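> Here's my sequence, what's the structure:
(one chain, ligands or ions: 2)
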Amino acid sequence: MNSIKIFSPATVANVSCGYDAMGFSMEALGDEMIFTKTKEKSVIISKIEGADLPFEANKNVVGVVAQHMLNDSKADFGLDIQIFKKFKPGSGLGSSAASASGTAFAINTLLNGKYSNLELTKFAMQGEVTACGSAIADNVAAAIYGGFILVRSYEPLDIIGIPTPSKLVATVIHPQIEIKTEAARKVVPQNIPVKTAISQWANVGGLVSGLYAEDFDLIGRSLVDLVAEPNRKKLIPYFDEVKEAAISNGALGAGISGSGPSIFALSKGKQTANKVAEAMNTVYKNSGIDYSIYVSNISKAGARII
Ligand SMILES: Nc1ncnc2c1ncn2[C@@H]1O[C@H](COP(=O)(O)OP(=O)(O)O)[C@@H](O)[C@H]1O
Ligand SMILES: N[C@@H](CCOP(=O)(O)O)C(=O)O
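Ligands and ions are numbered 1, 2, ... in the order given. Below you'll find the predicted structure:
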């Protein structure tokens, strides 16, 4: 195989209680990229559509991940890469992660599946270092494994795939303002009281159990974030109003998607998810802020060939 076109999903990281430790992938939204082998052993980004991003390989997460993988595998080829961004960087929907994970997946396919998903996650995390200064795994693992994931440990890296109830549907509103993950990480406290930590890890346990048992009430009760949300929500216009509108219209729970500005809600069934989308729309429609709303199943697959 000399050329491959792939889709890599948008992802919702944290899922309220799981800061840096949980994420899920969206079915309805993601980036596309085309990777073509070249004789010259270099990485060239020849096209970027849909976002204003660097073409220099060492500044674009795609180039960074590609170079790491070509070096590590001692590949006898280089790459020409075309990037088609379908949602904006700084969205809180894992834009850099979609690029990084899609690159890891595509190159692995061109290398005939040399690497495991865990190894691909490690390569993709190098892209996250370029994007936000931290080797976070929640978005990239969700984009590679698909469905819900738990980063049980960073050192050593241990990723657990968690079953996704098929009735669970995400609604996401993306106000078109950019919040850089790197900046949003600085407002999260480095130390928290044990009392707060107890609530937070208890909710992660509740969320994981709820997903396994398809216990939608438990999922909803567990979508609580006492660590990042109270500090980050001030960066997001109408956050409290959107969350309240989502929950009062039937959502199981709602919170900040990744580092924001997107806000996600989870609902049981598409009908409720659509109602939640309408309620979110009502909050934003006269705000003067441009925004997009997505209603999406949770993708059970990660990055894939299209
Ligand atoms: N291929 C890429 N896709 C998205 N962002 C990229 C890419 N390459 C580099 N970046 C940089 O990463 C940053 C966006 O990442 P981040 O702040 O984590 O937002 P997001 O939540 O959308 O991933 C921007 O500074 C952007 O220029
Ligand atoms: N756990 C990270 C996730 C960042 O997600 P992004 O989609 O905003 O890049 C964090 O909360 O900082």
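> Can you check which strand is longest in the chain?
As assigned by DSSP state E, the longest strand anywhere in the chain is strand 22-38.
> Next, I173: secondary structure please.
Secondary structure, DSSP: H, G, I helix; E, B strand; the rest coil: I173 is strand.
> Ignoring the adjacent residues along the chain, who's closest to it?
M280 (4.5 Å; C-beta to C-beta, 6 or more residues apart in numbering). Every residue, glycine included, has its C-beta placed from N, CA and C.
> again, but for E241
Going by C-beta to C-beta, 6+ apart, E241 has V283 as its nearest residue, at 4.8 Å.
> On the three-state scheme, that neighbour is what?
helix.
> In this model V242 seems to touch it, though I could be wrong.
Yes: in this structure, V283 is within contact of V242 by C-beta atoms under 8 Å, at 5.1 Å.
> In terms of neighbours, single out the busier of these two.
V242 (24 against 21; other C-beta atoms under 10 Å).
> for the more buried one, what are its contacts?
173, 254, 263, 280, 283-284 (C-beta atoms under 8 Å, 6 or more residues apart in numbering).
> quick one: it is in a helix?
Yes: assessed by three-state DSSP, V242 belongs to a helix.
> Contacts for the helix or strand following the longest strand of the chain next, please.
Toward the C-terminus, strand 22-38 is succeeded by strand 43-49 as the next helix or strand (DSSP states H and E). Strand 43-49 has contacts (C-beta under 8 Å, 6+ apart) with 38, 55-57, 60, 62-63, 66-67, 70, 78-85.
> Quick check: pLDDT value at A251.
Looking at A251, its pLDDT is 98.
> How about the secondary structure of the residue lying closest to it once chain neighbours are set aside?
Spatially, and ignoring its direct neighbours in sequence, A251 is nearest to A265 (3.9 Å; C-beta to C-beta, 6+ apart). Recorded secondary structure, A265: strand (three-state DSSP).
> quick one, what contacts A265?
170-172, 243, 246-247, 251-254, 273, 276, 280.
> which ones are touching the residue in the stretch 201-306 of the chain positioned nearest to ligand 2?
Closest approach between the stretch 201-306 of the chain and ligand 2, counting by C-beta to the nearest ligand atom: G258, at 2.6 Å. Listed by C-beta under 8 Å, 6+ apart, the contact set of G258 reads 11-14, 91-94, 138-139, 181.
> For S91, see how far away it is.
Going from G258 to S91 by C-beta to C-beta, to the nearest Å gives 8 Å.
> ok so, going back, for the longest strand of the chain, which positions count as buried?
Residues 22-27, 29-37 are the ones in strand 22-38 that count as buried (16 or more other C-beta atoms under 10 Å).
> which residues does the residue nearest to A251 bridge with?
Note on A265: beta-bridge partners by DSSP bridges are T171, A254.
> Kindly report the residues of this structure close to ligand 2.
13-14, 19-20, 92-94, 136, 138-139, 181, 184-185, 228, 258-259 (C-beta under 6 Å from any ligand atom).
> Just the ones of those residues in strands?
Those of these lying in strands (DSSP E): A13.
> of the residues of the chain next to ligand 2, the lowest pLDDT goes to which?
Lowest pLDDT among the residues of the chain next to ligand 2: T181, 93.
> Quick check, that one in contact with S259.
Yes: at 4.4 Å, T181 counts as touching S259 under the criterion of C-beta under 8 Å.
> Now the common contact residues for these two.
G92.
> Now the residue nearest to I173: which helix or strand?
helix 270-284.
> in the stretch 51-200 of the chain, which spans are strands?
For the stretch 51-200 of the chain, the strands defined by DSSP state E, counting those that start in this stretch cover 78-84, 148-153, 158-162, 168-175.
> Mark which of the contacts of strand 43-49 are buried, thanks.
Buried, going by 16+ other C-beta under 10 Å: 57, 60, 62-63, 66-67, 70, 78-83, 85, out of the contacts of strand 43-49.
> Nearest to ligand 2, out of those: which one, please.
Looking across the buried ones among the contacts of strand 43-49 and measuring by C-beta to the nearest ligand atom, the closest to ligand 2 is K85, at 13.7 Å.
> Now do the contacts for the closest one.
Counting by C-beta under 8 Å, 6+ apart, K85 has contacts 31, 48-51, 53, 95, 99.
> what about the spatially closest residue to it that is not a sequence neighbour, distance to T181?
In this structure, K85 finds its nearest non-sequential neighbour in G50, 3.5 Å apart by C-beta to C-beta, 6+ apart. In this view, G50 and T181 are 19 Å apart by C-beta to C-beta.
> Neighbour count for those two, which is higher?
T181 (25 against 15).
> now the top helix by length along the chain and strand 168-175, what's the angle there?
For the chain, the longest helix by residue count, based on DSSP state H, is helix 194-213. Between the axes of helix 194-213 and strand 168-175, defined by axes from the mean of the first three to the mean of the last three C-alpha atoms, to 10 degrees, the angle is 130 degrees.
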